[in-house]
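Novice: Provide a 3D model corresponding to the input given below.
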Amino acid sequence: MTRLHEIPIQLQFYITSPYPCSYLPDQTARSQVATPAHLVDTLVYSELIRIGFRRSGFYTYRPQCGTCQACVPVRVVVDEFVPNRTQRRVLKANAGMSVSIESPHFDPEHFALYQRYQAERHPGGGMDHDDKEQYTHFLVASQVESYLLVFREDDKVQMVSLIDRVADGLSAVYTFFNPDLSKRSLGVYNVLWQIDLARQLGVPYLYLGYWVADSRKMAYKQQYQPLQGFIDADWRTYPPAQT
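Specialist: Numbers count the residues shown, from 1 in each chain. Coordinates of the predicted model:
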């Protein structure tokens, strides 16, 4: 198991000032940030993600909120995952989509879909007013091995997902899709597709970011079992079995 002191000595860590929590209302949060950003390449990030870090553009962080431990890093155990009945229906409903794996780049069609997704799914969330520069910094800029999964149907881009390739798996960074197709559960289809891609690549895990028990927007992650959570500096079955 990687420990923080085993990360290259040139990398430094600092704690941010408090800011409004993205997951729990009326809560504040702080993050531990890895710097300088140019040192966080694929090799270093592969070690950081194993101890609970995530990245957003060049920003690599993990929650450091004192007494609050609500954010639990989670990952799917790929070879043990079996889709349930609902997930099989989602796979069937979206079987007509084609998927291409592309290097991160700016595409006006992607950006237009992103703006529409933010405006309709997350109005007032802050990202619904992102301009081209903010979008590029968030979803195109990367020091690690990253790819865009581009899902098309009827000659149109219907969903885009950014993923990272790390030493022991794939990491789901961010996904946006055509809000008109919400009933087809594209977010679920995207995770299922990534699990299958990880299986094809022979890597054991798909990292899904943070699980927050009291956050409705994080609840979907629990449906991908078996799931492991990084708790007390170790990966273990999550949620823990009831005794």
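Novice: Every contact and neighbour count from this point should use C-alpha atoms.
Specialist: OK.
Novice: Okay, helices next: where are they in the chain?
Specialist: 42-49, 85-93, 108-121, 132-139, 186-201 (DSSP state H).
Novice: Please save the CA atoms from the fourth one in CSV.
Specialist: Backbone C-alpha positions of helix 132-139 (Å, rounded to 0.1, in the frame of the first residue of the first chain) are rendered in CSV as follows:
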residue,chain,number,x,y,z
LYS,A,132,-14.1,27.6,-23.7
GLU,A,133,-11.0,28.3,-21.6
GLN,A,134,-12.6,26.9,-18.4
TYR,A,135,-13.8,23.8,-20.3
THR,A,136,-10.4,23.2,-21.8
HIS,A,137,-8.7,23.5,-18.4
PHE,A,138,-11.2,21.1,-16.8
LEU,A,139,-11.5,18.4,-19.5
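Novice: what angle sits between that helix and helix 108-121?
Specialist: Counting by axes from the mean of the first three to the mean of the last three Cα atoms, to 10 degrees, helix 132-139 points 90 degrees away from the direction of helix 108-121.
Novice: what's the domain layout of the protein?
Specialist: 4-70, 84-200 (automatic domain parsing).
Novice: out of those domains, nearest to Gln225?
Specialist: When those are compared by Cα to Cα, domain 84-200 sits nearest Gln225, at 9.5 Å.
Novice: Run the chain-centre distance for the closest one.
Specialist: Chain-centre distance of domain 84-200: 10 Å, with Cα atoms, centre = their mean, to the nearest Å.
Novice: State the mean pLDDT of it.
Specialist: Domain 84-200 carries an average pLDDT of 94.
Novice: Specify the stretch among the domains of the chain that is closest to Gln228.
Specialist: The closest of the domains of the chain to Gln228 is domain 4-70. By Cα to Cα, the value is 11.6 Å.
Novice: pLDDT of the closest one, averaged?
Specialist: Per-residue pLDDT over domain 4-70 has a mean of 90.
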